[in-house]
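Peer 1: give me the fold of what follows.
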Amino acid sequence: MPLLVMKFGGTSVADLDRIKNAALKVQREVDRGYDVIVIVSAMSGKTNELVGWVEQTSPLFDAREYDAVVSSGENVTAGLMALTLQELGVPARSWQGWQVPINTTAQHSAARFVDIPRTNIDQKFAEGFKVAVVAGFQGLGPDGRITTLGRGGSDTTAVAFAAAFGAERCDIYTDVDGVYTTDPRITTKARKLDRIAFEEMLELASLGAKVLQTRSVELAMRYKVRLRVLSSFGDTDENSGTLICAEEEIMESKVVNGVASSRDEAKITLVTVEDRPGISAAIFAPLAEAGVNVDMIVQNISEKDYEDHPGSVTDMTFSVPINQVERAKRAMEDAKAAGQIAYDDLVVDTEVAKVSVVGIGMRSHAGVAARMFKALADENVNIKVISTSEIKISVLIDRKYMELAVQALHDAFGLETA
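Peer 2: Coordinates of the predicted model:
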């Protein structure tokens with residue numbers, strides 16, 4: 001039988017009525033002739049509640065017990081979904097991660113997939129079951145202990161199952177009806193995309209779009225799993241939502257397909273750093289060891305013979321997530337104290353935002369940067385840092401201008417029209 005993977009997020013299974021609504025969508029696909037693997041998240045708010053209980057009980061908790069507690073939310077949803085399907089007359093069985101088994105690495109709360117053997121679930125399908133309801137976000141470590149995959153792990157679970165079982169498609173049901181050209185809360189002109197390439201979705205997810213977890217898109221792109229994002233609420237059909245697929249499946253793409261934004265950014269500048277071979281490694285190695293996620297990097301042109309600096313010096317600027325600023329400062333101060341680097345000052349700007357344009361069409365079209373910078377200049381938005389890749393251009397600007405910049409760029413590239 002053809003196989004489909006359907007994933008339902010926390011808001012889609014927030015209570016018994018919503019679980020019933022999701023089950024009816026599964027039943028519809030079974031009636032169309034599919035065997036279905038359903039991946040479920042915990043009911044909305046339950047994971048946060050479980051994390052809170054762990055932290056209240058043991059502030060310096062054992063990570064193995066943390067995973068044992070926090071993974072239980074998905075187990076409850078999986079059982080309730082299987083029961084609901086059975087009440088609808090659909091042969092269904094629930095599966096916890098260890099029962100499949102979903103084999104992962106041993107890194108608790110941030111485990112990665114090793115493999116997903118098909119034998120046990122295939123056997124149940126052969127016995128006449130039509131639906132396997134699998135608890136997302138969890139797996140089985142090499143020591144036989146439960147592991148979890150980190151926030152958003154249920155998306156990654158769904159894609160991994162679609163890859164392992166050769167599913168025709170992986171449908172991600174959520175509280176939005178697809179992927180938009182930008183955040184609809186920022187501009188009412190945002191348009192739902194019918195299709196978007198894996199690479200574009202990966203860039204948008206990493207740049208702040210919250211529709212899909214970045215790891216799930218990486219996995220889908222690697223294994224060519226066709227993803228569809230669609231709403232759990234209201235009627236849907238095979239043309240609903242947004243299909244995330246290989247570039248070859250998209251007949252013609254706009255130069256820019258989306259504008260992403262993130263206000264959770266900070267800019268750090270090391271002033272008058274010695275400009276010598278190896279200085280970049282001396283700066284960014286301690287940041288990497290401290291777990292700081294550095295994004296945009298700019299090194300100014302060297303200037304020679306400062307009064308206090310007989311050799312060449314430069315300024316080094318980079319951006320980090322705002323919640324990693326203190327960790328980054330500590331790493332730089334420790335490196336300076338250890339004599340690994342020298343600088344006169346460390347300047348932090350936490351009032352910045354990142355705005356990016358993304359599109360596979362950039363590969364074959366010139367002038368995208370010029371159009372972007374002109375649109376921002378026309379709105380008197382000053383650019384602090386610029387970063388580019390083959391299909392994206394990102395800028396760091398004052399946070400107070402983020403919404404204005406997004407709207408200006410959305411208009412400049414005509415994203416409100418297909």
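Peer 1: on contacts alone, who are the packing partners of the helix or strand containing Q123?
Peer 2: Element membership for Q123 (DSSP states H and E) is helix 119-126. Counting contacts by 3 or more C-beta pairs under 8 Å, 6 or more residues apart in numbering; DSSP states H and E, helix 119-126 is packed against strand 92-95, strand 131-135. C-betas here are computed from N, CA, C, even on glycine.
Peer 1: with distance to V176 and mean neighbour count added, can I get those strands in a markdown table?
Peer 2: Below are these laid out as a markdown table (distance: least, C-beta to C-beta, whole Å; neighbours: other C-beta atoms under 10 Å):
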| stretch | distance to V176 | mean neighbour count |
| --- | --- | --- |
| strand 92-95 | 27 | 22 |
| strand 131-135 | 23 | 28 |
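Peer 1: can you list these in TSV and add mean pLDDT and distance to E379?
Peer 2: Converted to TSV, these look like this (pLDDT from 0 to 100; distance: least, C-beta to C-beta, whole Å):
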stretch	mean pLDDT	distance to E379
strand 92-95	98	52
strand 131-135	98	48
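Peer 1: those into CSV, with extra columns for distance to A63?
Peer 2: Below are the helices and strands packed on helix 119-126 laid out as CSV (distance: least, C-beta to C-beta, whole Å):
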stretch, distance to A63
strand 92-95, 24
strand 131-135, 19
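Peer 1: and of these, who's closest to V70?
Peer 2: Of all the helices and strands packed on helix 119-126, it is strand 131-135 that lies closest to V70, at 11.7 Å by C-beta to C-beta.
Peer 1: returning to that earlier point: show me the one of the helices and strands packed on helix 119-126 that comes nearest W53.
Peer 2: W53 lies closest to strand 131-135 among those, at 18.6 Å (C-beta to C-beta).
Peer 1: quick check: which element contains A68?
Peer 2: Per DSSP H and E: helix 63-70 holds A68.
Peer 1: could you give the separation of that helix from the chain centroid?
Peer 2: In terms of C-alpha atoms, centre = their mean, to the nearest Å, the centre of helix 63-70 is found 23 Å from the chain centre.
Peer 1: likewise stretch 27-40?
Peer 2: Centroid displacement of stretch 27-40 relative to its chain, using C-alpha atoms, centre = their mean, is 26 Å.
Peer 1: tell me where the stretch 251-400 of the chain has strands.
Peer 2: Under the criterion DSSP state E, counting those that start in this stretch, the stretch 251-400 of the chain contains strands at 258-274, 297-299, 313-321, 345-358, 383-389, 392-398.
Peer 1: okay, those in JSON lines with mean neighbour count and distance to P184 next?
Peer 2: Converted to JSON lines, the strands of the stretch 251-400 of the chain look like this (neighbours: other C-beta atoms under 10 Å; distance: least, C-beta to C-beta, whole Å):
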{"stretch": "strand 258-274", "mean neighbour count": "21", "distance to P184": "12"}
{"stretch": "strand 297-299", "mean neighbour count": "15", "distance to P184": "32"}
{"stretch": "strand 313-321", "mean neighbour count": "20", "distance to P184": "24"}
{"stretch": "strand 345-358", "mean neighbour count": "19", "distance to P184": "16"}
{"stretch": "strand 383-389", "mean neighbour count": "15", "distance to P184": "25"}
{"stretch": "strand 392-398", "mean neighbour count": "22", "distance to P184": "21"}
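Peer 1: returning to that earlier point: contacting residues around the helix holding A68?
Peer 2: Identification of contacts with helix 63-70 by C-beta atoms under 8 Å, 6 or more residues apart in numbering yields 47, 50-51, 53-54, 58, 108-109, 138, 145-148.
Peer 1: and if we set it to 6 Å?
Peer 2: Where contact means C-beta atoms under 6 Å, 6 or more residues apart in numbering, the residues beyond helix 63-70 that reach it are L50, V51, V54, H108, S109, R145, I146, T147, T148.
Peer 1: can you give me the buried ones in that helix?
Peer 2: Under the neighbour-count criterion of 16 or more other C-beta atoms under 10 Å, helix 63-70 has Y66, D67, A68, V69, V70 buried.
Peer 1: those helices in the stretch 101-250 of the chain, which residues are they?
Peer 2: 119-126, 153-165, 198-206, 214-223 (DSSP state H, counting those that start in this stretch).
Peer 1: out of those helices, deepest packed?
Peer 2: Among the helices of the stretch 101-250 of the chain, helix 153-165 has the highest mean neighbour count (mean count of other C-beta atoms under 10 Å), at a mean of 26.
Peer 1: distance of A285 from N21?
Peer 2: To N21, A285 is 51 Å away according to C-beta to C-beta, to the nearest Å.
Peer 1: contacting residues for A412?
Peer 2: Contacts of A412 by C-beta under 6 Å, 6+ apart are R371, A375.
Peer 1: what distance do you get for it to I19?
Peer 2: To I19, A412 is 44 Å away according to C-beta to C-beta.
Peer 1: per-residue pLDDT, Y306?
Peer 2: Note on Y306: pLDDT of 52.
Peer 1: and if you look at H309?
Peer 2: 52.
Peer 1: Provide the partner residues of the residue nearest to I383 when sequence neighbours are not counted in its beta bridges.
Peer 2: Among residues not flanking I383 along the chain, V395 sits closest, at 4.8 Å (C-beta to C-beta, 6 or more residues apart in numbering). Per DSSP bridges, the residues bridged to V395 are V355, I386.
Peer 1: what about V395, distance to R363?
Peer 2: According to C-beta to C-beta, V395 stands 20 Å off from R363.
Peer 1: and D378, by the same measure?
Peer 2: For D378, the distance to R363 - C-beta to C-beta - is 26 Å.
Peer 1: residue contacts, G73?
Peer 2: A42, K46, T47, L50.
Peer 1: host element of it?
Peer 2: Applying DSSP H and E, one finds G73 within helix 72-87.
Peer 1: would you mind listing the buried residues in that helix?
Peer 2: Quick answer for helix 72-87 (16+ other C-beta under 10 Å): S72, G73, E74, N75, V76, T77, A78, L80, M81, A82, T84, L85.
Peer 1: distance of the third one relative to K7?
Peer 2: Spelled out, that is E74. Distance, E74 to K7, using C-beta to C-beta: 11 Å.
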